[in-house]
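> next one to model:
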Amino acid sequence: MATVSKALILAAGLGTRMLPATKAVPKEMLPIVDRPLIQYAVEEAVAAGIGHVIFVIAEGKEAIREHFGSNTRADAHVAEKGDSELLEIVRRPAGLARFDWAFQDQPKGIAHAVACARQYLEGEPFALIFPDDLILSHRSCVAQMVDAYNETRGSVIAVHEVPREDIPQYGIVDPADGGNPARLRGVVEKPRIEDAPSQLGIVGRYILSETIFEHIDRIPPGKNGELQITDALMSQIAAGEVVSGLRYEGQRYDTGRPLGYLVAQVAAAMARPDMARPARERLAAVLGEGI
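Here you go, the predicted model:
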């Protein structure tokens, strides 16, 4: 029985919604408290028992590779200072997992980005993670999805209930029943409110089954010549394969927009035992001033 032992993290995007902050700094390297956003994604995968992480990056994303590397300037500087506690923190990212790297030279859609890492993943199930979606939960969201994959033996999409007025901003799933995970009849990309089959919107976490590359090969390019992963999942459904939606436990924050990023910062700080009380006190003071 195939197990989920690899995760693919997509980090090739331009981060245009966060300009000018992302003009020279990869959006995935923007800090959430004291760790870059992409480290949260890796730690979520590692907490699910995954030991091999593949990144899809593009030109200008070299800082991500350096962050998960060893023998950097920061390593050498902290080692020279003799601060063993800080040195452990600085070296931790490099030891989280085995890392490999693939490159997407043009923005041709999510399925195209996935296909760029085909050599590392073909023939086995894997987790697909969008680091823009920060998910804070008692148990790793990816771990919850691995459990769902082990139960269903098919692709799994993370979903959460979205406000009715936000439906046109999401991919919306069509569940066949009220189970969790629930087998899906289809996926509709950004439907009109009156056409939506449910209020369950897709979040940036998937488990893709071992046939996914066969279906990426079958789908035609869509708008702007892009290949979309939802089309590949629909191809799996049309072929009679199991694709399920999982309503995960946890809170999702969209860090790809300034307000969502700000809220994620606060939520992450409040989830830290070493920071929650002082953060609450200082935020209360700021809010009390009417700012």
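> which phi and psi values does the nearest residue to Val263 once chain neighbours are set aside adopt?
Among residues not flanking Val263 along the chain, Tyr253 sits closest, at 5.9 Å (Cβ to Cβ, 6 or more residues apart in numbering). For glycine as for every other residue, the C-beta is placed from the backbone atoms N, C-alpha and C. With angles defined as degrees, to the nearest 10, Tyr253 sits at phi -130, psi 130.
> tell me the contacts of Tyr253?
Residues near Tyr253 by Cβ atoms under 8 Å, 6 or more residues apart in numbering: 133-136, 260, 263-264, 267.
> try it again with 6 Å
134, 260, 263-264 (Cβ atoms under 6 Å, 6 or more residues apart in numbering).
> check those residues against Cys116 and report the nearest one.
Among these, Leu134 lies closest to Cys116 (Cβ to Cβ), at 23.7 Å.
> helix or strand for the closest one, which one?
strand 133-136 (DSSP states H and E).
> in the helix or strand just after that strand, what's buried?
Downstream of strand 133-136, the first helix or strand assigned by DSSP H and E is helix 141-152. Residues of helix 141-152 classed as buried: 141-149, 152 (neighbour count, 16 or more other Cβ atoms under 10 Å).
> picking that back up, so what's the residue nearest to Val263 bridging to?
Beta-bridge pairing for Tyr253 (DSSP bridges): Leu134.
> just the pLDDT for it.
On pLDDT, Tyr253 comes in at 96.
> then Lys27?
Per-residue confidence (pLDDT) for Lys27: 95.
> cool, and Met1?
Confidence score, pLDDT, at Met1: 62.
> can you get me a residue count around Glu194?
Close neighbours of Glu194, defined as other Cβ atoms under 10 Å, add up to 6.
> my bad, should have said Arg272
Around Arg272 there are 12 residues (other Cβ under 10 Å).
> cool, and Asp34?
Asp34 is flanked by 11 other residues according to other Cβ under 10 Å.
> then Ala76?
Neighbours of Ala76 using other Cβ under 10 Å come to 11.
> doesn't it belong to a helix?
Yes. Ala76 forms part of a helix when assessed by DSSP: H, G, I helix; E, B strand; the rest coil.
> any idea how far it is from Leu87?
Distance of Ala76 to Leu87, computed by Cβ to Cβ, to the nearest Å: 10 Å.
> which residue ranges form the strands in this protein?
6-11, 31-32, 35-36, 52-57, 98-103, 126-129, 133-136, 155-161, 171-175, 182-189, 200-208, 243-247, 251-254 (DSSP state E).
> right, and those - which one's nearest Phe68?
Short answer: strand 98-103, nearest of the strands of the chain by Cβ to Cβ, at 5.3 Å.
> that closest one vs strand 52-57, what angle?
Going by axes from the mean of the first three to the mean of the last three Cα atoms, to 10 degrees, strand 98-103 is angled at 20 degrees with respect to strand 52-57.
> packing partners for strand 98-103?
Counting contacts by 3 or more Cβ pairs under 6 Å, 6 or more residues apart in numbering; DSSP states H and E, strand 98-103 packs against strand 52-57.
> could you list the domains of the chain?
6-256, 257-291 (automatic domain parsing).
> now do the same contact list for the closest residue to Ala41 other than its chain neighbours.
In this structure, Ala41 finds its nearest non-sequential neighbour in Pro131, 4.1 Å apart by Cβ to Cβ, 6+ apart. Contact analysis of Pro131 by Cβ under 6 Å, 6+ apart lists 28, 37-38, 41.
> from Gln228, how far off is Pro131?
Distance from Pro131 to Gln228, by Cβ to Cβ: 19 Å.
> end to end, how far does stretch 165-174 reach?
Criterion Cα to Cα, to the nearest Å; first-to-last residue distance in stretch 165-174 is 18 Å.
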